[in-house]
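**Student:** Quick one, fold the following:
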Amino acid sequence: MEQAVTRLGGRDRFGLITFAGSGDGSGAGSGSGNGSGSGTRELLPLAAPAKDPVGVVRRATAGVRPGGGTPLHAAIRRGAATLRSEPGGADPRRTLVVLTDGKDTGGRPPPTPAQTAGVRVVVIAVGDVACADAGLRRLTEDTAGRCYDAGLGSLAPVLTRMFREIWG
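**Tutor:** Model prediction:
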């Protein structure tokens with residue numbers, strides 16, 4: 001994430017939502033606790049990049065720990081809803097970037113096209129999940145997004161390629 005925020009321009013906006021836990025509203029995992037019942041938690045609201053974006057991200061993520069479970073679908077719905085509520089019309093660069101290490105375990109169906117309308121979903125898959133997963137492939141294709149396979153040690157070139165493709 002630190003690498004990503006250093007590449008943001010003055011017109012970009014950045015927010016950070018974590019997702020971990022059961023996704024069933026039980027409060028399990030580090031990503032819960034905001035009362036949303038989705039296993040997601042907003043660490044940084046959507047806003048223009050701060051003067052020290054790396055420091056802001058470091059402080060926001062300092063207490064985040066893997067919590068087991070992956071309510072991926074809930075996180076995508078929440079992120080897409082946040083982006084859709086922003087002014088600016090149908091900007092083709094309105095993109096939700098999702099970094100995940102697992103398949104959805106939240107038990108909720110994938111977001112519908114109506115829930116992601118106007119938002120391109122880009123997934124960076126690391127760990128136990130890969131872009132060959134039919135659910136990730138369908139989600140990114142349905143939103144004109146893309147899925148990138150990456151190892152934790154190979155995020156920098158993937159981010160470079162992703163930003164180049166987003167910004168054209």
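**Student:** how much space between Ala114 and Glu165?
**Tutor:** 25 Å (Cβ to Cβ, to the nearest Å). Any C-beta I mention is one placed from the backbone N, CA and C, and that applies to glycine too.
**Student:** and the next element down the chain from the helix or strand encompassing Thr82?
**Tutor:** Taking DSSP states H and E as the definition, Thr82 sits inside helix 72-84. Using DSSP H and E, the next helix or strand after helix 72-84 towards the C-terminus is strand 95-100.
**Student:** neighbouring strands for that following strand, and are they parallel or not?
**Tutor:** Counting by DSSP bridges, the strands paired with strand 95-100 are strand 120-125 (parallel).
**Student:** need the next SSE after the partner strand, C-terminal direction.
**Tutor:** Next along the chain after strand 120-125, taking DSSP H and E as the criterion, comes helix 134-142.
**Student:** mind checking which helix or strand of the chain has the lowest mean pLDDT?
**Tutor:** Lowest by mean pLDDT, DSSP states H and E among the helices and strands of the chain is helix 2-5, with a mean of 81.
**Student:** Quick check: what element follows that helix along the chain?
**Tutor:** Next element after helix 2-5 (DSSP H and E): strand 14-19.
**Student:** Now that next one: buried residues?
**Tutor:** For strand 14-19, a neighbour-count test (16 or more other Cβ atoms under 10 Å) marks 14, 16-19 as buried.
**Student:** Just give me the neighbour total for the closest residue in space to Asp128 that isn't next to it in sequence.
**Tutor:** Leaving aside its sequence neighbours, Asp128 sits nearest to Gly102 (Cβ to Cβ, 6 or more residues apart in numbering; 5.2 Å). Residues near Gly102, counting by other Cβ atoms under 10 Å, number 16.
**Student:** which residues touch Gly102?
**Tutor:** Gly102 makes contact with 70, 72, 127-129 under the criterion Cβ atoms under 8 Å, 6 or more residues apart in numbering.
**Student:** Switch those over to CSV; also include pLDDT.
**Tutor:** Converted to CSV, the contacts of Gly102 look like this (pLDDT from 0 to 100):
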residue, pLDDT
Thr70, 85
Leu72, 91
Gly127, 80
Asp128, 79
Val129, 85
